[in-house]
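**Q** Provided below for reference: sequence and predicted model.
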Number of protein chains: 2
Amino acid sequence: MKVLITGIDGYSGWPLALHLLSRGHDVAGIDNLVTRKRVQEVGSWSATPIPPIQRRLAAVKEVLGKDLRFYKGDLCDWEFVRHVLETERPDSIVHLAEQRSAPYSMIDVHHAVTTQVENLTGTLHLLYAIKEIVPDAHLVKMGTMGEYGTPNTDIPEGFFEVEFHGRKDYLPFPRQANSWYHWSKVFDSGDVMLASKIFHLRATDVMQGVIYGVRTPEITDDRLLTRFDFDETWGTALNRFIAQAVLGLPITPYGKGEQKRGFLALEDSMQSLRLAVENPAAAGEYRVFNQFDAAYSVKELAERVAKIATELGLNPTIEHPADPRVEAEQHYYNPIHEHLPRLGYRRTRELDDVMREIFHDLIRYRRRLVARQHVVIPTVNWRVPDSRPLLDTRNAPATAPTPAPPAGTTGPSSANTTA
Amino acid sequence: MKVLITGIDGYSGWPLALHLLSRGHDVAGIDNLVTRKRVQEVGSWSATPIPPIQRRLAAVKEVLGKDLRFYKGDLCDWEFVRHVLETERPDSIVHLAEQRSAPYSMIDVHHAVTTQVENLTGTLHLLYAIKEIVPDAHLVKMGTMGEYGTPNTDIPEGFFEVEFHGRKDYLPFPRQANSWYHWSKVFDSGDVMLASKIFHLRATDVMQGVIYGVRTPEITDDRLLTRFDFDETWGTALNRFIAQAVLGLPITPYGKGEQKRGFLALEDSMQSLRLAVENPAAAGEYRVFNQFDAAYSVKELAERVAKIATELGLNPTIEHPADPRVEAEQHYYNPIHEHLPRLGYRRTRELDDVMREIFHDLIRYRRRLVARQHVVIPTVNWRVPDSRPLLDTRNAPATAPTPAPPAGTTGPSSANTTA
């Protein structure tokens, strides 16, 4: 199958390309390489060294013996999007090219606008280009479980039977996003839903949990590694906790850390996306897959990280930074995920095993963590009195003495930064 | 009360300014005057002559004896938004400054992007400027009943009790918009909901029906008239039907015209917005008002227009232009609207009376309709075989011979163009 991946230079895009290539698919990719720059902007880098894109592509050729076609450009450039679709005429498009950080979107008004405008514009351009050039192609769009928030009910896969005042309908499940970024993903889902109706688009919207891990079976050479972000803006809570443990710093879940999120191993995420690609939606069908394996609280993650760090002789400690308003964050969390298992999905990885792999790689690249150590020291100035999580923070007084953070590193500690 | 109206040069913004001034409020307004240009772009103009903004303001001074402060600029310009809020420090902001045409958003990919990007950016800028400069101000945002679509249940005012798999929660009612424009309004609602949570914003989201009418009691001089659009892109179905009847052209509801929408007289819409302004939401409260008085189908509107045209001796005819795929469009439609009546709202106008007023004004300005007659002749090329309403139309063959329309006039016939 001919597959086009948008965001191929990213955390998920890169291992997906390797996975699809190894399964015999013909793969091309788009990226504007902007995440590399934005991670630098907040003073950080990937713990795993990421070669320039041309060297990554050369490594694919050398190690896997495969050609991976690459187009550098931006989905916000309509002519570029048209050009790539006309050249490639893919059967399937996996759309991962989005500003993916909730904390980045919360830095200030400009980051809020950038996040929503970029994500929406790129998605609309893709939808129209598919309609005009490859109307039968299947769009697999990366959503996030964060679109649903944490309702006090089960979370269905996109749609559910509503009964209200004695009448019934089958409707989209309510969305309650908690950051400008998460709303941008809700907005994209709305646009894709409309396109499936009016353009007869084939669409799969994958509501994914937080992905963890840095390796997949296809990563057999260090030049094929995917990125591993560990700063407050671009790294997940789990990534930061492991980096803290490797650096001998306290592991720092904020507050009580009772909020639960769904998680998924990188390898199993690739399996899920591949199953979506290989089993396309029908013309005009908009289907939603919830995609995660297990739910953990931030506190539980911190404890599991500490346990494995102890196994490895690292003497971890856990600290709970001052929290001006500790809320009861215990909540019900039971998303349904049945569609992917019906397509043959089965879980292959366990959190503890993958964490051991991550520790192994981070210990190898410890010098890269040390060189950017300041990005994992908690800057707790992301809450203000009488506020809730995911608050814009510029006017908030720091509640504990912290080193001056580089521009843009303030922001909430969110388990689902990468989504 | 100090009120700032965004979009003050528009169909609703202008009479709202007059209404609030006459009630003793202190009013200022923002507009980029772009709707004037965009109506020209599709080859049309307002049936009522709209003087340049400076002459409108001078007429307010002369006729009402009131000062109306005006700021020309764009909500997409962050520094402009900050400047106005710092200068005005309003108690209440009524946000009407949006690209408001569903057909305009459906013209092509660029109009889709423009609609969503402009509407979202303007709203985000307002939200942050309120937070930074006037955190206690009350935002009254114009939404649209079109956000909800036409579910087979009652439509609550924004939120409802959900029961799913035996558990309950109180959640946002599902949104199912039917154009890029309508989705942009859903997106704005999401952002305002989040801002009320994280910025403790006072917010009222007014889901309005289609507004009809061209006069309010404060319009006592022709220089104070509000605009009346009658072309396919900017005019509502009702506006076009009346213009057709005045011109002696057939009234042309497309297809069966069974789709129902909620409607509201301009004067009662102003009453609703004023009640929202005078009864602000609490800090951190996001409340949703459904705002309409009666639901009519497009077919019913056409018949009522014909009846009144006959009273006026106009010999109207109704035609149903060829419809490549006539769908069963009958559906349940019962939105709840109880919040505004609780604030003292009561209906003051009836559709037939307001239609007589509109006929009266359009007959006076008949020469302006004649001069732009081509914009009300139906261009039925907005459907393609096997499609649904609100379809992008560029590749669709015309199914009936029509004069070449000016650029941008293709688009769906939507009862809720103005929203």
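**A** That came through fine. Because the structure is a prediction, the values reported are computed rather than measured.

**Q** Can you tell me which residues in the stretch 1-150 of chain A are near chain B?
**A** For the stretch 1-150 of chain A, the residues in contact with chain B (Cβ under 8 Å from any Cβ of the partner chain) are A:78, A:108-110, A:112-113, A:116-117, A:120-121, A:124-125, A:128-129, A:131. C-beta here means a position set from N, CA and C on the backbone, and glycine is covered the same way.

**Q** Buried residues in stretch A:107-124, which are they?
**A** Under the neighbour-count criterion of 16 or more other Cβ atoms under 10 Å in any protein chain shown, stretch A:107-124 has A:107-109, A:111-124 buried.

**Q** and what of stretch A:35-49?
**A** Residues A:35-36, A:38-39, A:41-48 are the ones in stretch A:35-49 that count as buried (16+ other Cβ under 10 Å).

**Q** what's the farthest-apart pair in the residues of the stretch 1-150 of chain A next to chain B?
**A** Spanning the widest gap among the residues of the stretch 1-150 of chain A next to chain B are A:108 and A:131, at 35.2 Å by Cβ to Cβ.

**Q** For the longest helix along chain A, name the packing helices and strands.
**A** Secondary structure of chain A read by DSSP state H shows that its longest helix is helix A:109-133. In terms of contacts (3 or more Cβ pairs under 8 Å, 6 or more residues apart in numbering or on different chains; DSSP states H and E), helix A:109-133 is packed against helix A:78-88, strand A:92-95, helix A:102-105, strand A:138-144, helix A:180-198, helix B:109-133, helix B:180-198.

**Q** so it versus strand A:138-144, what angle?
**A** Relative orientation of helix A:109-133 and strand A:138-144, computed by axes from the mean of the first three to the mean of the last three Cα atoms, to 10 degrees: 160 degrees.

**Q** distance between helix A:109-133 and the chain's centre?
**A** The chain centroid and the centroid of helix A:109-133 are separated by 17 Å under Cα atoms, centre = their mean, to the nearest Å.

**Q** And stretch A:241-259, by the same measure?
**A** Distance, stretch centre to chain centre, for stretch A:241-259: 20 Å (Cα atoms, centre = their mean).

**Q** all strands for the stretch 201-350 of chain A, in order.
**A** Per DSSP state E, counting those that start in this stretch, the stretch 201-350 of chain A carries strands over the ranges A:202-208, A:210-212, A:260-265, A:286-291, A:294-297, A:334-335.

**Q** strand partners of the shortest one, parallel vs antiparallel please.
**A** Listed by DSSP bridges, the sheet partners of strand A:334-335 and their directions read strand A:154-155 (parallel).

**Q** right, and the helix or strand after the strand it pairs with?
**A** Reading on from strand A:154-155 to the C-terminus, the next helix or strand found by DSSP states H and E is strand A:159-164.

**Q** and that following strand, C-alpha only, in PDB?
**A** Extracted in PDB, the C-alpha atoms of strand A:159-164 (Å, rounded to 0.1, in the frame of the first residue of the first chain):
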ATOM      1  CA  PHE A 159     -20.200   8.000  19.400                       C
ATOM      2  CA  PHE A 160     -22.800   6.800  21.800                       C
ATOM      3  CA  GLU A 161     -26.600   6.300  22.100                       C
ATOM      4  CA  VAL A 162     -28.000   9.400  23.800                       C
ATOM      5  CA  GLU A 163     -31.400   9.400  25.500                       C
ATOM      6  CA  PHE A 164     -32.700  12.800  26.400                       C
END
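
**Q** quick one, the helix or strand that comes right after that strand and strand A:159-164 angle?
**A** With elements assigned by DSSP H and E, the helix or strand that comes after strand A:159-164 is strand A:167-172. If you take the same axes, to 10 degrees, strand A:167-172 sits at 150 degrees to strand A:159-164.

**Q** May I see the buried residues of stretch A:16-30?
**A** So, applying 16+ other Cβ under 10 Å, buried residues of stretch A:16-30: A:16-21, A:25-30.

**Q** need the residues of the stretch 201-350 of chain A near chain B, please.
**A** Contacts of the stretch 201-350 of chain A with chain B, taken as Cβ under 8 Å from any Cβ, map to residue A:332.

**Q** Check the burial of residue A:4 by counting its neighbours.
**A** 26 (other Cβ atoms under 10 Å in any protein chain shown).

**Q** Just give the strands next to the strand or helix carrying it in its sheet, each with its orientation.
**A** According to DSSP H and E, residue A:4 maps onto strand A:2-6. Paired neighbours of strand A:2-6 in the sheet (DSSP bridges): strand A:26-31 (parallel), strand A:92-95 (parallel).

**Q** Tell me the pLDDT of the closest residue to residue A:128 other than its chain neighbours.
**A** In space, and not counting its chain neighbours, residue A:128 is closest to residue B:109: 3.8 Å by Cβ to Cβ, 6 or more residues apart in numbering or on different chains. pLDDT recorded at residue B:109 is 97.

**Q** now do the one 3 residues further on
**A** On the pLDDT scale, residue B:112 is placed at 97.

**Q** Next: the one 3 residues further on.
**A** We note a pLDDT of 98 for residue B:115 in this prediction.

**Q** how near is the spatially closest residue to it that is not a sequence neighbour to chain A?
**A** Once flanking residues are discounted, residue B:115 sits nearest to residue B:105: 3.9 Å by Cβ to Cβ, 6+ apart. Residue B:105 sits 10 Å away from chain A, going by Cβ to the nearest Cβ, to the nearest Å.

**Q** who's in contact with residue B:105?
**A** Residue B:105 sits next to B:99, B:111-112, B:114-116, B:179-181, B:184 when contact means Cβ atoms under 8 Å, 6 or more residues apart in numbering or on different chains.

**Q** how does it look with 7 Å?
**A** Taking Cβ atoms under 7 Å, 6 or more residues apart in numbering or on different chains, we find residue B:105 in contact with B:99, B:111-112, B:115, B:179-181.

**Q** again with residue A:163
**A** Contacts for residue A:163 (Cβ under 7 Å, 6+ apart) come out as residue B:163.

**Q** So in terms of bridging, what pairs with it?
**A** residue A:168.

**Q** Likewise for residue A:172?
**A** Bridge pairing for residue A:172 - DSSP bridges - gives residue A:159.

**Q** Count the neighbours of it for me.
**A** Applying other Cβ under 10 Å, I find that residue A:172 has 21 neighbouring residues.

**Q** I'd guessed it sits against residue B:176; true?
**A** Yes: if you go by Cβ atoms under 7 Å, residue A:172 and residue B:176 touch, sitting 6.5 Å apart.

**Q** Could I get the phi/psi values of whichever residue of the stretch 201-350 of chain A sits closest to chain B?
**A** Proximity of the stretch 201-350 of chain A to chain B (Cβ to the nearest Cβ) peaks at residue A:332, 6.9 Å away. Here is the backbone geometry of residue A:332 (degrees, to the nearest 10): phi -70, psi 140.
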